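>>> how would this look folded up:
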Amino acid sequence: MHPFSFPNGLKFLDGYIWEPDQVKVWVNSEPIDYFRLHISYDTLAVPDLENICGPSYFRKAIEENAVGLTPAQRVLFPVIEDFEVHFVPGNKTSVTDDDQDTYQPCFFSASQGFLSDIAVSWDDYTVAHVCHNTFHVPCGSFAVPYFQLEQYFTILIAEKDGFVYVLRGEFENIQTEGYGIWFKVERNRYFSEWEKAIQMCHRYCVSGCASGYSG
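Residues are numbered from 1 along each chain as shown. Presented below is the predicted three-dimensional model:
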């Protein structure tokens, strides 16, 4: 069963309404045979983590945390040429919610539809968060991937050789079934679409929004 459902349609932050009869979602024909979990981005961001863990243990953990997709697997990833970043209500069920604090980013394609969400909690990547000057576009490398997980799903975002690879899976199934949603985006497209989304957030951010973020 696909993890996304939009029975009431969807409203984008820019005001566009995605009616129920317009709804499309990206579906891979089968999961990618990649069964690994990684160290979360939040854990890697802990200050002085190397000294906390000990240099030797830390280096070993980082080395083992590298993305293990083979060249043969990477070739299989479909390219999303019309990739976009949009902000939608965090519960993804409302078309009337005008509270900017509820909007979070999703990956989208005009031709393929809704690709994936990326926020793992209700207060993750809100408009206020993105407006803050400490915000960083979610992307890692194969050596140090961006990886987030929560009770229900995980997302892995990592760049290699000019492409950004996105893998999303149900947390409880990763190690047995692999990642159910997987695609890649040309690097420049990925970051340019994020820049458009960031600029949109700044336009919609109410006065004092960025300075009020404390995350």
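
>>> Look up the closest residue to residue 161, ignoring the ones flanking it.
Distances taken as C-beta to C-beta, 6 or more residues apart in numbering place residue 74 nearest to residue 161, at 8.0 Å, with adjacent residues excluded. All C-beta spots, glycine's among them, are computed from the backbone N, C-alpha and C.

>>> Surely that neighbour is in contact with residue 162?
No - in this structure, residue 74 is not within contact of residue 162 by C-beta atoms under 8 Å, at 11.2 Å.

>>> Among the two, which residue is more densely surrounded?
Per other C-beta atoms under 10 Å, whichever of residue 74 and residue 162 has more neighbours is residue 74, with 15 against 9.

>>> For that one, give me its contacts.
160, 161, 163, 165, 184 (C-beta atoms under 8 Å, 6 or more residues apart in numbering).

>>> coming back round to it: okay, and the residue nearest to residue 161 sits in which element?
Using DSSP states H and E, residue 74 sits in helix 71-76.

>>> what mean pLDDT does that helix have?
Helix 71-76 shows a mean pLDDT of 97 in the predicted model.

>>> just stretch 104-123 next, same as before
86.

>>> for residue 58, helix, strand, or coil?
Look at residue 58: counting by DSSP: H, G, I helix; E, B strand; the rest coil, its state is helix.

>>> And it, how close does it get to residue 204?
40 Å (C-beta to C-beta, to the nearest Å).

>>> before we move on, what about residue 170?
32 Å.

>>> Can you give me every residue that contacts residue 200?
13, 14, 87.

>>> With residue 119 instead?
Per C-beta under 8 Å, 6+ apart, neighbours of residue 119: 90, 104, 105, 125.

>>> mind checking which helix or strand it is in?
Here residue 119 is assigned to no helix or strand, by DSSP H and E.

>>> again with residue 107
strand 103-109.

>>> Now that strand: buried residues?
103, 104, 105, 106, 107, 108, 109 (16 or more other C-beta atoms under 10 Å).

>>> CA atoms only: put stretch 165-178 into CSV for me.
What follows is stretch 165-178, C-alpha atoms only, in CSV (Å, rounded to 0.1, in the frame of the first residue of the first chain):
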residue,chain,number,x,y,z
TYR,A,165,19.6,10.3,-4.5
VAL,A,166,16.4,10.1,-2.4
LEU,A,167,15.3,7.0,-0.6
ARG,A,168,12.2,6.8,1.6
GLY,A,169,11.0,3.8,3.4
GLU,A,170,8.8,2.5,6.2
PHE,A,171,11.0,2.2,9.3
GLU,A,172,9.8,-1.2,10.4
ASN,A,173,10.3,-2.7,6.9
ILE,A,174,13.7,-1.2,5.8
GLN,A,175,15.8,-4.1,6.9
THR,A,176,13.6,-6.8,5.3
GLU,A,177,12.0,-5.1,2.3
GLY,A,178,14.2,-2.1,1.5
